[in-house]
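1. All I have is the shape, not the residue letters:
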Ligand code: SF4
């Protein structure tokens, strides 16, 4: 695999310290993850550091030089989803050093965890991470590594080093905080005197940092595609959206920087993936596309807003010119009232018109995302909506459906929502899938079991998280009976507790001061 990579060669860099960048998934997925590639490049650019990679499917030693992970100075992980916590724990269990942060010895690596999950609910990472970085790291990661180097130069021990690092913005050192829980009430944190009350989530001025792929391989999930981020955050405020909550406000990269990134990618690939939660909101969106097409790129997008597309039908011909074969949009619900409550807008007619237009213009397939297991209405309404769509476009094979369950995430407007039960979710799934099969529509969906564990972890606290090492050996932490036993000992009901675990509006994730959310 190494031999067919092009672009940045991590092997070519010497440095006093070793950073092992671990990805909580396969090589194929890791190389298609712009956030992971961006962290590798940020550390690579720090003069004193060399970087090696580790994936869940490439062995327990590093991908570059087969180095044991325990020889790293810092082991870094970017976690996106709750379920990835199992990869972190599995990695630590085979790494040759302690899985729990407060049991690690002086000479063992520092485990540094960041990524979206760290901003959503760092408490489920807390037992395992020495340092959690909360927010966007482009600016702070080099400073944090420099601070760690200083601590080494001063001869500080592990505890003193962590105390030193805890003063930096966005740095959460869980061992200095002591969560207080009483039944279903989260009572806040006790802490040592010298650390901040709350951790300020970090945001960067993205116009100062380029973010694009640096390593290209046909074995990446997106093949040789070069990825580039043009904006961050989103102008919409969908109530359920974790991405919207943690990346607010919407920030745009200047066109000159975007064109420069395209020129860089041109050296390595002719496939361009444009990344951003709200790609179409870029004020020079059309210029970017024209430039990419002029430079003979095929272009794909991470996601597109149906509201923007509906308001700007003039954008559609560009998407056709980009060579898009499947356009993905997310109504989330088949009921207009729920869509409006979520913040997704567009009534049924606007949706059906938009999709009819897309297909008429020559994009052969439209994939629609739905959330099922909603408390607001049953999946029957979603099926009615899909049925209406099929009649309007006079086709069912041009539509495909992807679904997940409504898991209320921390920091969103739904964080305190009581969910349906597991059994009700199962019924909803059966209803939805049976209806889609009757309509002969292709679909794929999230595993029900995974979704329930995701819900549990999204709302969990440190006390529950510290049980995870006992559970990961069992089919990657997805055996319900094991969870039942563990939770019963804690006085928590596995089937009920995840539905609405905390009363009184104080949560384990209240440790994060998410300024944009509070505005
Ligand atoms: S438009 Fe998409 S990214 Fe933006 S808030 Fe809504 S769901 Fe999130």
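-> Perfect, I can see it now. In this text, all values refer to a predicted model and were calculated from it rather than measured experimentally.
2. Quick one: the helices in the stretch 301-450 of the chain, in order.
-> Secondary structure of the stretch 301-450 of the chain, counting by DSSP state H, counting those that start in this stretch: helices at 306-311, 316-321, 336-342, 348-360, 379-393, 422-438, 448-458.
3. before we move on, what about the stretch 101-250 of the chain?
-> Secondary structure of the stretch 101-250 of the chain (DSSP H, counting those that start in this stretch): helices located at 116-120, 140-153, 158-165, 242-247.
4. Counting by contacts, list what the last one packs against.
-> Contacts of helix 242-247 with other secondary structure elements, assessed using 3 or more C-beta pairs under 8 Å, 6 or more residues apart in numbering; DSSP states H and E, are made with helix 116-120. C-beta here means a position set from N, CA and C on the backbone, and glycine is covered the same way.
5. got the buried residues for the helix it packs on?
-> 116-120 (16 or more other C-beta atoms under 10 Å).
6. What are the contacting residues of that helix?
-> 79-82, 84-85, 124-125, 132-135, 172, 201, 242-243, 246, 409-411, 458, 509, 512, 514 (C-beta atoms under 8 Å, 6 or more residues apart in numbering).
7. can you tell me if that helix touches the ligand.
-> No - contact of helix 116-120 with the ligand (C-beta under 6 Å from any ligand atom) is absent, the minimum separation being 12.3 Å.
8. pLDDT below threshold where in the stretch 401-519 of the chain?
-> Where the stretch 401-519 of the chain drops to pLDDT under 70, the residues are 474, 516-519.
9. And the residue of it closest to the ligand?
-> Relative to the ligand, the nearest point of the stretch 401-519 of the chain is residue 412 (9.3 Å; C-beta to the nearest ligand atom).
10. which non-adjacent residue is nearest that residue?
-> Residue nearest to residue 412 in three dimensions, not counting chain neighbours: residue 245, with 4.9 Å by C-beta to C-beta, 6 or more residues apart in numbering.
11. so the one you found sits right up against residue 408, yeah?
-> No - judged on C-beta atoms under 8 Å, residue 245 makes no contact with residue 408 at a distance of 11.3 Å.
12. Can you name the residues of the stretch 251-400 of the chain that neighbour the ligand?
-> The stretch 251-400 of the chain has residues 277-278, 305, 343 near the ligand, with proximity defined as C-beta under 6 Å from any ligand atom.
13. Reformat these as CSV; add neighbour count and pLDDT.
-> Formatted as CSV, these follow (neighbours: other C-beta atoms under 10 Å; pLDDT from 0 to 100):
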residue, neighbour count, pLDDT
277, 21, 85
278, 23, 85
305, 22, 91
343, 16, 90
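14. Among these, find me the one that's closest to residue 311.
-> Among these, residue 305 lies closest to residue 311 (C-beta to C-beta), at 9.2 Å.
15. The closest one: what's it in contact with?
-> Residues near residue 305 by C-beta under 8 Å, 6+ apart: 236, 278, 280-281.
16. Repeat that for residue 70.
-> Residue 70 makes contacts with 95-97, 108-109, as judged by C-beta under 8 Å, 6+ apart.
17. Residue 455: how many residues sit nearby?
-> 23 (other C-beta atoms under 10 Å).
18. and what of residue 503?
-> Residue 503: 11 surrounding residues under other C-beta under 10 Å.
19. Okay, now the unreliable bits of the stretch 1-150 of the chain?
-> Within the stretch 1-150 of the chain, the set of residues satisfying pLDDT under 70 is empty.
20. Which residues of it lie near the ligand?
-> So far as C-beta under 6 Å from any ligand atom goes, the stretch 1-150 of the chain does not lie against the ligand anywhere.
21. Could you report the pLDDT at residue 316?
-> Listed pLDDT for residue 316 reads 92.
22. ok, now how distant is it from the ligand?
-> 18 Å (C-beta to the nearest ligand atom, to the nearest Å).
23. what's the most buried one of the helices of the stretch 101-250 of the chain?
-> Of all the helices of the stretch 101-250 of the chain, helix 116-120 carries the top mean neighbour count, a mean of 26, counting by mean count of other C-beta atoms under 10 Å.
24. And the strands in the stretch 1-150 of the chain?
-> With strands called from DSSP state E, counting those that start in this stretch, the stretch 1-150 of the chain shows them at 6-7, 17-22, 49-54, 74-78, 110-114, 131-133.
25. Tell me which of the ones you listed sits nearest to residue 294.
-> strand 6-7 (22.8 Å).
26. outside of the closest one, which residues touch it?
-> 213-217, 268.
27. ok, now stretch 436-456?
-> Residues outside stretch 436-456 that contact it (C-beta under 8 Å, 6+ apart): 81-83, 372-373, 383, 386-387, 390, 396-397, 399-405, 407-408, 419, 422, 425-426, 429, 432-433, 464, 477-478, 480, 483, 494, 497-499.
28. Can you list the buried residues in it?
-> 436, 439, 441, 443, 445-446, 448, 450-456.
29. repeat for stretch 179-199
-> Residues of stretch 179-199 classed as buried: 179, 181, 186, 188-189, 191, 195-196, 199 (neighbour count, 16+ other C-beta under 10 Å).
30. Need the distance between the two termini of that stretch.
-> End-to-end distance of stretch 179-199 (C-alpha to C-alpha, to the nearest Å): 14 Å.
31. Could you double-check that the residue of the stretch 401-519 of the chain closest to the ligand lies in contact with residue 241?
-> Yes - the pair formed by residue 412 and residue 241 meets the contact definition of C-beta under 8 Å, at 6.3 Å.
32. just to revisit the earlier point, dump the contacts of residue 70 into JSON lines; add neighbour count as well.
-> Formatted as JSON lines, the contacts of residue 70 follow (neighbours: other C-beta atoms under 10 Å):
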{"residue": "95", "neighbour count": "21"}
{"residue": "96", "neighbour count": "13"}
{"residue": "97", "neighbour count": "17"}
{"residue": "108", "neighbour count": "18"}
{"residue": "109", "neighbour count": "21"}
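33. Need those residues in a markdown table (columns: distance to residue 55).
-> Formatted as a markdown table, the contacts of residue 70 follow (distance: C-beta to C-beta, whole Å):
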| residue | distance to residue 55 |
| --- | --- |
| 95 | 14 |
| 96 | 18 |
| 97 | 19 |
| 108 | 22 |
| 109 | 18 |
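34. Pick the one among these closest to residue 1.
-> residue 95 (21.7 Å).
35. Am I right that the closest one is in contact with residue 75?
-> Yes - Residue 95 is in contact with residue 75 according to C-beta under 8 Å; the separation is 7.4 Å.
36. list residues touching both of the two?
-> Common neighbours of residue 95 and residue 75, using C-beta under 8 Å, 6+ apart, are residue 69.
37. just to revisit the earlier point, out of the contacts of residue 70, give me the two with the largest separation.
-> For the contacts of residue 70, the maximum inter-member distance is 9.9 Å, found between 96 and 109 (C-beta to C-beta).
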